[in-house]
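In: sharing a sequence plus its predicted fold:
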Number of protein chains: 2
Amino acid sequence: MVRTLEGTPAGDGYRMPGEFEQHDGCWMIWPERTDNWRMGAKPAELAFAAVAEAISRFEPVTMCVSSRQFINARRRLSDRIRVIEMSSNDSWMRDSGPTFVIDDRGGLRLIDWDFNAWGGLDGGLYFPWDLDDLVPRKVAEIAGVDRYRAPLVMEGGSFHTDGEGTLITTEECLLNPNRNPRLSREQIEGYLGSYLNVEKVIWLPRGCYNDETDGHVDNLCCFVRPGAVLLTWTEDKEDLQYERSAEALDVLKNVTDARGRKLEVHFLHQPAPVTLTAEECMGIDSVEGTIPRREGDRYAASYVNFYIANGGLVVPVFDDPADKQALEKLKQLFPDREIIGVYAREIILGGGNIHCITQQQPKP
Amino acid sequence: MVRTLEGTPAGDGYRMPGEFEQHDGCWMIWPERTDNWRMGAKPAELAFAAVAEAISRFEPVTMCVSSRQFINARRRLSDRIRVIEMSSNDSWMRDSGPTFVIDDRGGLRLIDWDFNAWGGLDGGLYFPWDLDDLVPRKVAEIAGVDRYRAPLVMEGGSFHTDGEGTLITTEECLLNPNRNPRLSREQIEGYLGSYLNVEKVIWLPRGCYNDETDGHVDNLCCFVRPGAVLLTWTEDKEDLQYERSAEALDVLKNVTDARGRKLEVHFLHQPAPVTLTAEECMGIDSVEGTIPRREGDRYAASYVNFYIANGGLVVPVFDDPADKQALEKLKQLFPDREIIGVYAREIILGGGNIHCITQQQPKP
């Protein structure tokens, strides 16, 4: 029996844990739309499968797949991955999916945010998004957990929490008039507090350059642990990302978290820009209502967009000279976790990366 | 992790329990196809919902629903019912669904039979049936149970077991050349033995008159408990059902079960024939490839097509003078269970009844 709850998670003693806390598993969605994923989504399938297999070494993975793709996904994935039928408009479980919350008495629930495909009719990435908006409800039924219906548009990739009362996000996304134009900054902070159980919201100005999510924080900056963050970085002042990372650093250096701590800031140097080739562009269907992809488009590639699994880290790599340094840095920052790089060009070409296509289910 | 197993259930120490043994729950599929269910399936939805709600008083119910109907089903059902997205060609979970087997050490597995829509291209009821054939595999993933892939066409409604080594079925169905034309009676008995772990197969000649399943036993006869069966009956020698029930009785009176017992035979008098009215017929879409429904068609209404739940019995009733007597008889036969009648005209008009639209998941 799955209930739709009145009240709020914070009011009921629930909080969103940090991603680095223990999980019971990970949820993903199989890529399919041919107006976003080139060549009938076949290259993306391999990349999603590689991510799923990597995560499944550390925790159970459930892959949600449309009826049309069920057998194909089942055959391309090992028996370790659970495959469940679920329709969707695209495959960004971080953003269309639920946010799980836990309490101290073994309780697990989820938050079902409104979803409008990163901006609705005002800059959103596709239309319609009706099936995406049902994903959290369907996950609730499968997982058997009660659900809060939150009265605002929010994507899981637009915030990170440290599990101890602090949240980081970006003004570019959460204050964008294409998300919740009727809500003030203070009202949005109020909702973040009552749904995710945080007391302190750290507002970074903008996300990564050319990030089509309107600057999701999960491509820019994340928590390594409470009190320590990791920021995507470049030393190249000519690069269009430089100013954005520098602005964020300025905030991070001068803020304290909910526990009154100054933040330890670590850096991950970004890879070279990933741009769409003519051949890749040719493989993408043109569809009215979907953001077009053009040769030469720059994608917001970032190593910060990794997934923290139980005892592991699954990290996007780009066949870039900076890959090695990024993986080494992550090994220093997460010494107790195994670091696995997955070649992620085919994921970033769809507009996001490994963190965007995953959603952890925390262990209560 | 869900595995597809080599070997057979009997070889691995698994057996199909009797339906009267304890369950962990019940699986159903939401009705939708408008070429079978009149008036856009809306009247059938109410009947399916009534069955689900009745069963949910005794054990958890999962309703599998297509993407299109997800929200409609979710809203028409109470929170007690779990609603899961699953595509199918029609809504007969007994026949397209899995057969669960258990062992004595807490194990639960399922059998995934071949399915050909009750006869394939030679008298089957619709085309295609590809989604129906995937239902057991999808249930396995959701329930997290390993799966045997059985190499023959079989529907769950075509057999009943007593959990102690005996199975009843009909020659009309299992020996029909539109199911397994390459298998002899002995070979089919061999498969029933190795998959359901039975030693004795009792062959009744035919099922109910005009039963479009080719005589499924679950509309004619079932086990009340090991050693006791219940047979649909009529005293009217002019009725086209009379000879069929009499033939079955002749077999049942003269047979012993796997434990060497003579069978105790009980009778349930059938309701008056249910026939399709002109108005009902008007509400059904005509589609190439689906068996047509015609005004005056007689349906195989039978009280035997009930579902045994934990502590309960959910029984089809027809607003017929025989309803009361049937419910009273069932109360005598199942004194420890609560008997609930559900008005089932809208289900029988689709070609089956309460047993046909349900599938128990036994408690290991």
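Out: Great, that's in hand.
In: could you look up the SS state of A:Leu313?
Out: strand (DSSP: H, G, I helix; E, B strand; the rest coil).
In: need the contact list for it.
Out: For A:Leu313, the contact set (C-beta atoms under 8 Å, 6 or more residues apart in numbering or on different chains) comprises A:Phe306, A:Tyr307, A:Leu330, A:Phe334, A:Arg337, A:Glu338, A:Ile339, A:Ile340. The C-beta positions use only the backbone N, C-alpha and C, and glycine is treated the same way.
In: how about 7 Å then?
Out: A:Phe306, A:Leu330, A:Phe334, A:Arg337, A:Ile339, A:Ile340 (C-beta atoms under 7 Å, 6 or more residues apart in numbering or on different chains).
In: please apply the same query to A:Glu85.
Out: A:Val65, A:Ser67, A:Phe70, B:Glu85, B:Met86, B:Ser87, B:Lys138.
In: hang on, the earlier thing: in TSV, list the contacts of A:Leu313 along with neighbour count.
Out: Converted to TSV, these look like this (neighbours: other C-beta atoms under 10 Å in any protein chain shown):
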residue	neighbour count
A:Phe306	30
A:Leu330	22
A:Phe334	20
A:Arg337	18
A:Ile339	19
A:Ile340	21
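In: which two among those residues are spaced furthest apart?
Out: Pairwise distances across the contacts of A:Leu313 peak at 11.4 Å for A:Phe334 and A:Ile340 (criterion: C-beta to C-beta).
In: re the thing from before, the contacts of A:Glu85 in helices, which ones?
Out: Secondary structure from DSSP state H places A:Phe70, B:Lys138 of the contacts of A:Glu85 in helices.
In: now, which of the contacts of A:Glu85 sits nearest B:Asp319?
Out: B:Met86 (32.0 Å).
In: if I look at that closest one, how far off is B:Cys208?
Out: 29 Å (C-beta to C-beta, to the nearest Å).
In: go on, A:Asp236?
Out: 80 Å.
In: would you mind giving the contacts of A:Leu313 as CSV with secondary structure added?
Out: Output for the contacts of A:Leu313, formatted as CSV (three-state DSSP):
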residue, secondary structure
A:Phe306, coil
A:Leu330, helix
A:Phe334, coil
A:Arg337, coil
A:Ile339, strand
A:Ile340, strand
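In: quick one: which of those is nearest to chain B?
Out: Using C-beta to the nearest C-beta, A:Ile340 comes nearest to chain B of the contacts of A:Leu313, at 19.6 Å.
In: identify the bridge partners of the closest one.
Out: A:Val314 (DSSP bridges).
In: hmm, back to that, A:Asp236 and B:Cys208: which has the busier surroundings?
Out: Shown here are A:Asp236 and B:Cys208; by other C-beta atoms under 10 Å in any protein chain shown, B:Cys208 has more neighbours (28 against 12).
In: output the contacts of A:Glu85 as JSON lines; include the columns distance to B:Ala300.
Out: Shown next, in JSON lines, are the contacts of A:Glu85 (distance: C-beta to C-beta, whole Å):
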{"residue": "A:Val65", "distance to B:Ala300": "38"}
{"residue": "A:Ser67", "distance to B:Ala300": "31"}
{"residue": "A:Phe70", "distance to B:Ala300": "33"}
{"residue": "B:Glu85", "distance to B:Ala300": "32"}
{"residue": "B:Met86", "distance to B:Ala300": "27"}
{"residue": "B:Ser87", "distance to B:Ala300": "28"}
{"residue": "B:Lys138", "distance to B:Ala300": "29"}
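In: need the contacts of A:Glu85 in CSV (columns: distance to B:Val51 and pLDDT).
Out: Listed next are the contacts of A:Glu85 as CSV, based on distance: C-beta to C-beta, whole Å; pLDDT from 0 to 100:
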residue, distance to B:Val51, pLDDT
A:Val65, 29, 98
A:Ser67, 25, 98
A:Phe70, 27, 98
B:Glu85, 20, 98
B:Met86, 17, 98
B:Ser87, 21, 98
B:Lys138, 21, 98
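In: name the nearest of the contacts of A:Glu85 relative to A:Leu108.
Out: Nearest to A:Leu108, judged by C-beta to C-beta, of these is B:Glu85 at 20.9 Å.
In: in the stretch 51-200 of chain A, which spans are helices?
Out: Taking DSSP state H, counting those that start in this stretch to define them, one finds helices in the stretch 51-200 of chain A at A:70-76, A:93-96, A:130-143, A:171-174, A:185-196.
In: tell me the most buried of the ones you listed?
Out: helix A:93-96 (a mean of 26; mean count of other C-beta atoms under 10 Å in any protein chain shown).
In: contact partners of it?
Out: Contacts for helix A:93-96 (C-beta under 7 Å, 6+ apart): A:27-29, A:88, A:115, A:132, A:135, A:155-157, A:218, A:355-359.
In: A:Ala54 touches A:Pro316, doesn't it?
Out: No: taking C-beta atoms under 7 Å as the definition, A:Ala54 is not a contact partner of A:Pro316, at 11.0 Å.
In: any idea how far chain B is from the closest residue to A:Met154 other than its chain neighbours?
Out: Spatially, and ignoring its direct neighbours in sequence, A:Met154 is nearest to A:Trp113 (4.0 Å; C-beta to C-beta, 6 or more residues apart in numbering or on different chains). Using C-beta to the nearest C-beta, to the nearest Å, A:Trp113 is found at 17 Å from chain B.
In: re the thing from before, now tabulate the contacts of A:Leu313 in TSV and tack on pLDDT and distance to B:Arg185.
Out: Shown next, in TSV, are the contacts of A:Leu313 (pLDDT from 0 to 100; distance: C-beta to C-beta, whole Å):
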residue	pLDDT	distance to B:Arg185
A:Phe306	98	60
A:Leu330	98	65
A:Phe334	98	64
A:Arg337	98	60
A:Ile339	98	61
A:Ile340	98	55
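In: tell me the pLDDT of the residue nearest to A:Met154.
Out: What the model reports for A:Trp113 is a pLDDT of 98.
In: what residues does the stretch 101-250 of chain A put near chain B?
Out: With the criterion set to C-beta under 7 Å from any C-beta of the partner chain, the stretch 101-250 of chain A comes near chain B through A:Leu131, A:Leu134, A:Lys138, A:Glu141, A:Ile142.
In: got the residue ranges for the strands in the stretch 151-300 of chain A?
Out: All strands of the stretch 151-300 of chain A, identified by DSSP state E, counting those that start in this stretch, fall at A:159-161, A:166-170, A:200-204, A:221-225, A:228-233, A:264-269, A:274-275, A:298-299.
In: avg pLDDT for the second one?
Out: The reference is to strand A:166-170. 98.
In: centre of the chain to that strand, how far?
Out: The chain centre lies 13 Å from the centre of strand A:166-170; the measure is C-alpha atoms, centre = their mean, to the nearest Å.
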